[in-house]
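Asker: sequence below, structure please.
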Amino acid sequence: MKIKNCKKILLSIIFIFTAGLSYGVNPEYILTAGNAVQTGSNSLEFDIRMIHTNSAISDFEYAGGQYFFDFNLNISNGGALNYSVIESDLPELLQPRNPVVFVTGGEMQLRLSLNIFPSPGQGYIISDQLPGTRIARMKLMTNSESFDVQYFSLRWRNGPVNPFTKIYSFENSQITEVTNSGSHYIDSLTNPLPVELASFSSAVSGNKVTLNWATVNEMNNAGFEIQRKVNSYDTFRKIGFVNGAGNSSEIQNYLYSDLKLQPGNYFYRLKQTDYNGNFVYYDLENKAEVLSPLFNELKQNYPNPFNPQTKIDYQLSSESVVFIKIFDILGKEISVIVNEYKSPGYYTVFFDGSNLPGGVYYYLIRAGGFIDSKRMIILK
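Answerer: Numbering: from 1, shown residues only. The predicted structure follows:
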């Protein structure tokens with residue numbers, strides 16, 4: 001009995017010393033900087049993401065982290081650089097702090113400082129599903145007019161003994177460094193900034209806006225989507241596409257004409273896209289203003305001769321009720337194709353002569369005191 005009692009006491013002592021302890025496994029992860037996209041002529045963005053890779057045998061309650069990069073300073077094109085966090089999956093208190101561009105040892109760094117550690121249970125559970133937790137979406141800008149066409153060359157600043165990028169988690173309610181620089185990746189080490197835009201301008205002629213732009217260098221350039229919005233409160237919409245030169249180190253000139261616009265203010269931008277689907281926006285700095293016509297005019301139909309359809313363009317310098325009628329060669333009225341009130345502007349109306357015999361016809365416009373007519377021919 002005495003031996004049994006001793007065993008019970010010993011087991012009780014062991015239980016007391018081991019109660020509350022757990023034999024956890026430190027979380028493993030993959031940390032990636034990537035998805036770099038040039039969002040303007042002088043701005044680019046990229047993601048810092050983390051995914052938990054051994055969730056079957058460990059928890060990953062993220063406590064904090066600091067993130068240091070080296071990169072190619074020459075992209076700044078001589079300007080000053082600004083570095084900022086624009087989005088994160090983490091709550092604000094857990095987000096890395098004080099983004100800064102820093103010079104040390106003759107190299108440029110992008111730095112995100114360590115956040116203030118939260119209390120146990122107040123950390124963030126890192127996702128084990130692709131694409132992982134977004135630690136931060138970063139934005140880098142130069143106050144120069146545009147980035148230089150250089151390789152961004154983003155790379156982790158990791159020392160073999162004392163890594164600059166450090167990751168911390170809670171283990172048994174204790175903050176534990178779990179940094180593994182061997183699991184830190186960049187998804188593209190040498191992403192070039194794809195296009196150097198030399199100029200982007202517009203010219204207005206009547207109700208047509210012509211866009212002109214030129215590039216000095218192009219790398220992997222699939223082309224330019226042209227987008228337009230009417231007035232500053234509108235949203236941009238695609239109106240056309242112009243193919244790029246692919247790869248070029250020579251000046252390339254581009255042109256696009258936006259036709260048949262009504263009077264108003266128009267804003268344009270280019271969405272340059274590379275063959276991998278990455279894209280960059282270039283905004284036209286000035287609005288393009290289409291003014292009301294200075295005079296009334298009826299234009300020759302096109303095509304002419306035609307079969308069976310043609311279009312008739314006309315413009316009005318003042319508001320009025322507009323009539324456009326079709327007559328045969330004997331002066332008999334055949335059809336009224338416009339009979340409505342119109343504001344000053346540029347207009348097009350279509351006429352279908354499918355039910356008419358071939359021959360010569362006339363169309364006449366009456367708008368207030370303005371009257372004009374022209375001849376057209378239907379071929380059958």
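Asker: tell me where the model's unsure across the chain.
Answerer: Along the chain, the parts satisfying pLDDT under 70 run over 1-24, 105-106, 149, 159-162, 188-194, 276.
Asker: name the helices or strands packed onto the longest strand anywhere in it?
Answerer: For the chain, the longest strand by residue count, based on DSSP state E, is strand 208-230. Judged by 3 or more Cβ pairs under 8 Å, 6 or more residues apart in numbering; DSSP states H and E, the packing partners of strand 208-230 are strand 195-205, strand 237-248, strand 252-258, strand 264-274. All C-beta spots, glycine's among them, are computed from the backbone N, C-alpha and C.
Asker: can you list these in TSV and add mean neighbour count and distance to Ile116?
Answerer: Listed next are the helices and strands packed on strand 208-230 as TSV, based on neighbours: other Cβ atoms under 10 Å; distance: least, Cβ to Cβ, whole Å:
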stretch	mean neighbour count	distance to Ile116
strand 195-205	17	41
strand 237-248	14	45
strand 252-258	15	50
strand 264-274	19	40
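Asker: let's have these in CSV, adding distance to Glu225.
Answerer: Shown next, in CSV, are the helices and strands packed on strand 208-230 (distance: least, Cβ to Cβ, whole Å):
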stretch, distance to Glu225
strand 195-205, 13
strand 237-248, 5
strand 252-258, 10
strand 264-274, 4
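Asker: before we move on, the earlier item: what strands flank the longest strand of the chain, and is each parallel or antiparallel?
Answerer: Applying DSSP bridges, strand 208-230 is found paired with strand 195-205 (antiparallel), strand 237-248 (antiparallel), strand 252-258 (antiparallel), strand 264-274 (antiparallel).
Asker: and Met138, which of those strands is closest to it?
Answerer: Met138 lies closest to strand 264-274 among these, at 20.3 Å (Cβ to Cβ).
Asker: residues making contact with the very next helix or strand once past that closest one?
Answerer: The first helix or strand that comes after strand 264-274 along the chain, using DSSP states H and E, is strand 279-283. Residues from elsewhere that reach strand 279-283, judged by Cβ atoms under 8 Å, 6 or more residues apart in numbering: 37-41, 194-195, 197, 200, 213, 267-273.
Asker: out of the helices and strands packed on strand 208-230, which gets nearest to Asp128?
Answerer: When these are compared by Cβ to Cβ, strand 264-274 sits nearest Asp128, at 31.6 Å.
Asker: between the closest one and strand 279-283, how many degrees?
Answerer: Counting by axes from the mean of the first three to the mean of the last three Cα atoms, to 10 degrees, strand 264-274 lies at 150 degrees to strand 279-283.
Asker: just the CA coordinates for strand 264-274, please, in CSV.
Answerer: Extracted in CSV, the C-alpha atoms of strand 264-274 (Å, rounded to 0.1, in the frame of the first residue of the first chain):
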residue,chain,number,x,y,z
GLY,A,264,-19.2,68.7,-73.5
ASN,A,265,-16.0,68.0,-71.6
TYR,A,266,-14.3,64.7,-72.2
PHE,A,267,-11.6,63.0,-70.1
TYR,A,268,-9.4,60.3,-71.5
ARG,A,269,-6.9,57.7,-70.2
LEU,A,270,-4.8,54.9,-71.7
LYS,A,271,-4.8,51.4,-70.1
GLN,A,272,-1.5,49.9,-71.3
THR,A,273,-1.5,46.1,-71.0
ASP,A,274,1.4,43.7,-71.4
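Asker: so which residues make contact with it?
Answerer: Residues contacting strand 264-274 (Cβ under 8 Å, 6+ apart): 194-195, 197, 200, 202, 209, 211, 213, 219-232, 234, 236, 238, 244, 258, 279-284, 287-290.
Asker: repeat for stretch 227-244
Answerer: 195, 218, 221-226, 252, 254-256, 258, 264-272, 287.
Asker: before we move on, the earlier item: can you say which of the helices and strands packed on strand 208-230 is nearest to Glu61?
Answerer: strand 264-274 (39.1 Å).
Asker: which parts of the longest strand of the chain are buried?
Answerer: Residues 209, 211, 213, 215-219, 221-229 are the ones in strand 208-230 that count as buried (16 or more other Cβ atoms under 10 Å).
Asker: thank you, goodbye.
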